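[1] Sequence first, predicted model second:
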Amino acid sequence: MMIPIDYNKMQADLNRRKYMGQVYTGTVETWKPTKLGMKTYGKFCDLVGWENLTGQKLTSTDEFMNLAVKRNWVEIVYSFEKKENVCMHTKYGHDLFKTFEYWIYEKAQKRTVRKKQINCVMSGFQKILQGLPKFMQQICAIMASFAPPEQSKTSKKIKRGKKKSNKPKKQQQQQSDNGSYAGDQWQYWNKKWNEERKD
């Protein structure tokens, strides 16, 4: 995990040691390196093996190494590859001189501005993506309201009446035996009964 640089603290240290000065260019207020700052930066790059962005060729001395150790910019450690003691930058030394590089290297400034812009765009894009499921639910609800209602299974069945049978019901036969007749049957039996009486 990379720990971010506290640029405000580092900038205050650079200013206190007179490695940088704050100037106004006519449009913006910015920081510019001093001669002491450029010299210190060049020696630090030589001491820890960084690429010097200013292009100057400075070599560190034992006195500068002692100063860097005293100010907690570097630590002297043993290198198994080189089989000797080497100077490696501390977190504080790294942050201090990366802040210095930021102000002397315009590409680094532009890169930082671009990174901030990309982060803003990405955070906006993430907010859109987070709201997307809710939006899709709303769209689905709207689309469902336009859909025709589903027909239930009971409404699909056609109601059929019972078939009438030609066979006389037992109940009607019983009624005819009891003498309660209606309609055509009554007339038939009435006619038959009258005929029998005449005889």
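    On my side now, so go ahead.

[2] C-alpha only now, for contacts and for neighbours.
    OK.

[3] residue boundaries of the strands in the chain?
    20-24, 29-33, 74-79, 84-89 (DSSP state E).

[4] Neighbouring strands of the second one in the sheet, and parallel or not?
    In other words, strand 29-33. strand 20-24 (antiparallel) (DSSP bridges).

[5] And for Tyr105, nearest residue in space, chain neighbours not counted?
    Leu53 (7.2 Å; CA to CA, 6 or more residues apart in numbering).

[6] okay, now the one you found: neighbour count?
    Leu53: 12 surrounding residues under other CA atoms under 10 Å.

[7] What's the separation between it and Ile5?
    19 Å (CA to CA, to the nearest Å).

[8] Could you dump the strands of the chain into TSV with mean neighbour count added?
    What follows is the strands of the chain, written out as TSV (neighbours: other CA atoms under 10 Å):
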stretch	mean neighbour count
strand 20-24	14
strand 29-33	15
strand 74-79	15
strand 84-89	16
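
[9] okay if I get the ones you listed as a markdown table plus distance to Val48 and mean pLDDT?
    Converted to a markdown table, the strands of the chain look like this (distance: least, CA to CA, whole Å; pLDDT from 0 to 100):
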| stretch | distance to Val48 | mean pLDDT |
| --- | --- | --- |
| strand 20-24 | 21 | 87 |
| strand 29-33 | 20 | 85 |
| strand 74-79 | 8 | 89 |
| strand 84-89 | 6 | 87 |
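
[10] Identify whichever of these lies nearest to Thr59.
    Nearest to Thr59 among the strands of the chain is strand 84-89 (13.6 Å), distances taken as CA to CA.

[11] Tell me the strands beside that closest one, with direction?
    Here, using DSSP bridges, strand 84-89 pairs with strand 74-79 (antiparallel).

[12] which residues sit against the strand it pairs with?
    Val48, Ala68, Val69, Glu84, Asn85, Val86, Cys87, Met88, His89, Thr90, Gly93 (CA atoms under 8 Å, 6 or more residues apart in numbering).

[13] Is it correct that the residue nearest to Tyr105 is in contact with Glu101?
    Yes. With contacts defined as CA atoms under 8 Å, Leu53 counts as touching Glu101 at a distance of 7.4 Å.

[14] Find the residue closest to Ala68 in space, skipping its chain neighbours.
    Going by CA to CA, 6+ apart, Ala68 has Val74 as its nearest residue, at 5.8 Å.

[15] and Asn15, what does it touch?
    Counting by CA under 8 Å, 6+ apart, Asn15 has contacts Gly21.
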